[in-house]
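Participant: Next one to model:
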Amino acid sequence: NPLLPNLQACLESLGISALYSHQAKALNAILAGKNVMIATPSASGKTLCYHLATLDALLHDKDSRALYIFPTKALAQDQLRSLQELFCPSLLKTEEFATFDGDTPKDERAEIRKRARIILTNPDMLHIGILPNHQSWSRLLRHLKYVVVDEAHIYRGVFGSHVACVLRRLRRLCHLYG
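Facilitator: The predicted structure is shown next:
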């Protein structure tokens, strides 16, 4: 699938003239509506696969939303910086993506629910901050295009079981909101 011209131009401005074969294959599968798991060595460009799919959706439809789930707050903050460096302000406004975790100031949370199109969070905050308050998050849940579970190999044992249950709750709420 060809990328939108402004997304392609953004990549070229970053020195990316072509995708690796695993990136192209993953992106095509994602854009075809398939669930995708990517397992390649570190620093092989896995993150770009989901960033490109998400940005494609956001640029095609102003109502589209994405939820990025990371095992730690630190990783979510790193990815927020990555999004800002890669795609801001040429494709997204800074206020269109935000972390939502235990460190998010309470006075900013309502504004994040209203304006953010990409929410970066962790399983615990999804469990205690988003899912029980799903009515407040209805815009996100109604327009959720992508859910990214980064570092999936981390979710093992009791923590993995907890995350699996949280993701099942998320799926049920997504179904509820259509």
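Participant: make it CA atoms for all contacts and neighbour counts henceforth
Facilitator: Will do.
Participant: What segments of this structure are strands?
Facilitator: 65-69, 97-99, 118-121, 144-149 (DSSP state E).
Participant: and residue 110, which of those is closest to it?
Facilitator: strand 97-99 (11.8 Å; C-alpha to C-alpha).
Participant: roughly how far out does the top helix by length along the chain sit from the chain middle?
Facilitator: In the chain, with assignment by DSSP state H, the single longest helix is helix 157-176. In terms of C-alpha atoms, centre = their mean, to the nearest Å, the centre of helix 157-176 is set 16 Å apart from its chain centre.
Participant: Same check on stretch 141-159?
Facilitator: Distance, stretch centre to chain centre, for stretch 141-159: 9 Å (C-alpha atoms, centre = their mean).
Participant: Count the residues that sit near residue 35.
Facilitator: 12 (other C-alpha atoms under 10 Å).
Participant: again with residue 105
Facilitator: Residue 105, neighbours per other C-alpha under 10 Å, totals 9.
Participant: ok so, going back, tell me which residues are up against the longest helix of the chain.
Facilitator: Residues outside helix 157-176 that contact it (C-alpha atoms under 8 Å, 6 or more residues apart in numbering): 123, 126, 127, 131, 134, 141, 142, 144, 154, 155.
Participant: Check the gap between residue 43 and residue 79 for me.
Facilitator: Distance of residue 43 to residue 79, computed by C-alpha to C-alpha, to the nearest Å: 13 Å.
Participant: Which one's more surrounded, those two?
Facilitator: residue 79 (18 against 7).
Participant: Let me know the pLDDT of the more buried one.
Facilitator: Listed pLDDT for residue 79 reads 92.
Participant: and what of residue 89?
Facilitator: pLDDT, residue 89: 78.
Participant: what sits opposite residue 65 in the beta ladder?
Facilitator: Taking DSSP bridges as the rule, residue 65 bridges to residue 144.
Participant: mind listing what it touches?
Facilitator: 58, 117, 118, 140, 143, 144, 145, 146.
Participant: which residues sit in contact with the residue positioned nearest the centre of the chain?
Facilitator: When C-alpha atoms, centre = their mean is applied to the chain, the residue found nearest the centroid is residue 68 (3.1 Å). Residue 68 is in contact with 118, 119, 120, 121, 147, 148, 149, 150, counting by C-alpha under 8 Å, 6+ apart.
Participant: Out of these, show me where the pLDDT dips lowest.
Facilitator: Across the set of the contacts of residue 68, residue 150 stands lowest in pLDDT, at 94.
Participant: Count residues in the vicinity of that one, would you?
Facilitator: Around residue 150 there are 20 residues (other C-alpha under 10 Å).
Participant: ok, the residue nearest to residue 57 when sequence neighbours are not counted to residue 12 distance?
Facilitator: Ranked by C-alpha to C-alpha, 6 or more residues apart in numbering and with sequence neighbours excluded, the top spatial neighbour of residue 57 is residue 64, at 6.3 Å. Distance from residue 64 to residue 12, counting by C-alpha to C-alpha: 24 Å.
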